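Visitor: what's the 3D shape of this:
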Amino acid sequence: MRAAILWTTEGDRVRCNVCPNRCLIADGSKGICGVRKNEGGTLVPLTYGSISSIAADPIEKKPVFHYFPGTSVLSIGSVGCSMRCGHCQNWQISRAQPGDGSVGLHDLPPGRVVDMARSYRCPGVAFTYNEPVIWIEYVLDVARVCHEAGLYTVMVTNGYITLEALAEIGPYIDVWRTDLKGYSEETYRRLCKVSSAEPVRQAAVAAKHEWRMHVEVVTNVVPTVNDSPAEIESMARWIADELGVDTPWHITRFFPYLDFAHLPPTPIETLRMTRAMGQEAGLHFVYLGNVQEPGGEDTVCPSCGKTVVRRTGYSIHEQHTSDGACAFCGQDLNITE
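Guide: Modelled structure (predicted):
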């Protein structure tokens, strides 16, 4: 068992500084995530190298539409999370803890990740399924060897990370696919059981502008929680102003689940309204996911208006791009290929 990074001692407790919860952990106890433990005055990452899920996925499944579209990523995850979202779709692993018997875990050394990516012809590796920030020591080691091997790296994250932790992994992560679960503090408290949304926004801005990552944003629209016109407009304008109008925004439909099982699925009209408000805020690429909406996942050139990438689900049927630009008019589309 190895020691964690980014922690300090405060009396007989240790303070974890990886996520903004900044848990103060007594000897023998774990942080909110359930995977970082104080063992005799040393913070230990219990899930280092422990895999709960692994698959070769289309990168579009993350969802990431503007980074090597049409390629596959070796997707790996463990257990635990820094949030406790009441609508989590992966709650079986995000709420599991190592040793509780609820999820089988298997060891996967960092170098073996590269071997598996190559064997499955994946040019990239994604840290996903549960929250990868709380797994930072392993993410860091894997991302380093991936870059050495010429593989790209993707963080599929709730974005709840301290800036000092982001600085550790920043040089080794290529894509920051972050959730934006709402804009207000109240929404984050209600949906995610965390006190503030600001760290998520700060991290996304730093990932984009300081660490030069490719950033894409996902919002699951939950009726009566984050679907008010004021909240949607705030999210859209923040993305446009702080991340740029070419930042892809993926709008997804909520289905009744867990703590919010009493709510109805998101009306299609609400999703259409959200997309329209994103476009009114100046965003060029607003996508509708997990619904059957004609053209909802297509990339349309903001200059000439032609469809340059036509998608259904995770499949690309047509692609008219050249070095990330529209093949028809040459407009830059913020696509890396």
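Visitor: list the residues that contact Ser29.
Guide: Going by CB atoms under 8 Å, 6 or more residues apart in numbering, Ser29 touches 37-38. Any C-beta I mention is one placed from the backbone N, CA and C, and that applies to glycine too.
Visitor: same question but for Thr9, I mixed them up
Guide: 15, 41 are the contacts of Thr9 under CB under 8 Å, 6+ apart.
Visitor: and what of the one 5 residues further on?
Guide: Contact criterion CB under 8 Å, 6+ apart gives 7-8, 24-25, 38, 41-43 as the residues in contact with Val14.
Visitor: which of those sit farthest apart?
Guide: Spanning the widest gap among the contacts of Val14 are Leu24 and Thr42, at 14.8 Å by CB to CB.
Visitor: most neighbours, which of the contacts of Val14?
Guide: With neighbours taken as other CB atoms under 10 Å, the top of the contacts of Val14 is Asn38, carrying 25 neighbours.
Visitor: wait, it touches Asp27, no?
Guide: Yes: taking CB atoms under 8 Å as the definition, Asn38 is a contact partner of Asp27 at 5.1 Å.
Visitor: for the contacts of Val14, which one is nearest Leu243?
Guide: Of all these, Trp7 has the smallest distance to Leu243: 30.3 Å, by CB to CB.
Visitor: quick check: bridge partners of the nearest residue to that closest one once chain neighbours are set aside?
Guide: Counting by CB to CB, 6 or more residues apart in numbering, Leu43 is the residue found nearest to Trp7 once chain neighbours are left out, at 4.0 Å. Counting by DSSP bridges, Leu43 is bridged to Asn38.
Visitor: if I pick Leu43, what's in contact with it?
Guide: For Leu43, counting by CB under 8 Å, 6+ apart, the contacting residues are 3-4, 7, 14, 16, 25, 36-37.
Visitor: what do you get if the cut-off is 7 Å, keeping everything else the same?
Guide: 3-4, 7, 14, 16, 36 (CB atoms under 7 Å, 6 or more residues apart in numbering).
Visitor: restricted to strands, list the residues you listed.
Guide: 7, 14, 16, 36 (DSSP state E).
Visitor: the first one against Arg22, yeah?
Guide: No: judged on CB atoms under 7 Å, Trp7 makes no contact with Arg22 at a distance of 9.8 Å.
Visitor: please enumerate the shared neighbours of those two.
Guide: Shared contacts of Trp7 and Arg22, counting by CB under 7 Å, 6+ apart, come down to 15-16.
Visitor: where does Ala236 land in three-state SS?
Guide: helix (DSSP: H, G, I helix; E, B strand; the rest coil).
Visitor: what's the distance between it and Pro294?
Guide: Going from Ala236 to Pro294 by CB to CB, to the nearest Å gives 22 Å.
Visitor: and Tyr287, by the same measure?
Guide: From Tyr287 to Pro294 the distance is 13 Å (CB to CB).
Visitor: looking at the two, which one has more neighbours?
Guide: Tyr287 (23 against 8).
Visitor: mind listing what the more buried one touches?
Guide: Tyr287 is in contact with 65, 248, 250-251, 296-297, counting by CB under 7 Å, 6+ apart.
Visitor: is it part of a helix or strand, or is it coil?
Guide: Tyr287 - assigned by three-state DSSP - is strand.
Visitor: one more: Leu191?
Guide: Leu191 - assigned by three-state DSSP - is helix.
Visitor: sketch out the strands for the stretch 1-150 of the chain, chain order is fine.
Guide: In the stretch 1-150 of the chain, strands defined by DSSP state E, counting those that start in this stretch lie at 7-10, 13-16, 24-26, 36-39, 42-45, 50-51, 53-58, 72-77, 106-107, 124-127, listed in chain order.
Visitor: out of the ones you listed, which gets nearest to Val114?
Guide: Val114 lies closest, by CB to CB, to one member of those: strand 124-127, at 8.0 Å.
Visitor: show me what that closest one pairs with in its sheet, parallel or antiparallel.
Guide: Going by DSSP bridges, the partners of strand 124-127 are strand 72-77 (parallel), strand 152-157 (parallel).
Visitor: quick one on the thing from earlier: export the strands of the stretch 1-150 of the chain to JSON lines and tack on distance to Val221 and mean pLDDT?
Guide: Shown next, in JSON lines, are the strands of the stretch 1-150 of the chain (distance: least, CB to CB, whole Å; pLDDT from 0 to 100):
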{"stretch": "strand 7-10", "distance to Val221": "36", "mean pLDDT": "98"}
{"stretch": "strand 13-16", "distance to Val221": "32", "mean pLDDT": "98"}
{"stretch": "strand 24-26", "distance to Val221": "35", "mean pLDDT": "98"}
{"stretch": "strand 36-39", "distance to Val221": "32", "mean pLDDT": "97"}
{"stretch": "strand 42-45", "distance to Val221": "34", "mean pLDDT": "97"}
{"stretch": "strand 50-51", "distance to Val221": "31", "mean pLDDT": "96"}
{"stretch": "strand 53-58", "distance to Val221": "23", "mean pLDDT": "96"}
{"stretch": "strand 72-77", "distance to Val221": "24", "mean pLDDT": "98"}
{"stretch": "strand 106-107", "distance to Val221": "35", "mean pLDDT": "95"}
{"stretch": "strand 124-127", "distance to Val221": "24", "mean pLDDT": "98"}
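Visitor: where exactly do the helices run in the stretch 201-337 of the chain?
Guide: 229-238, 268-280 (DSSP state H, counting those that start in this stretch).
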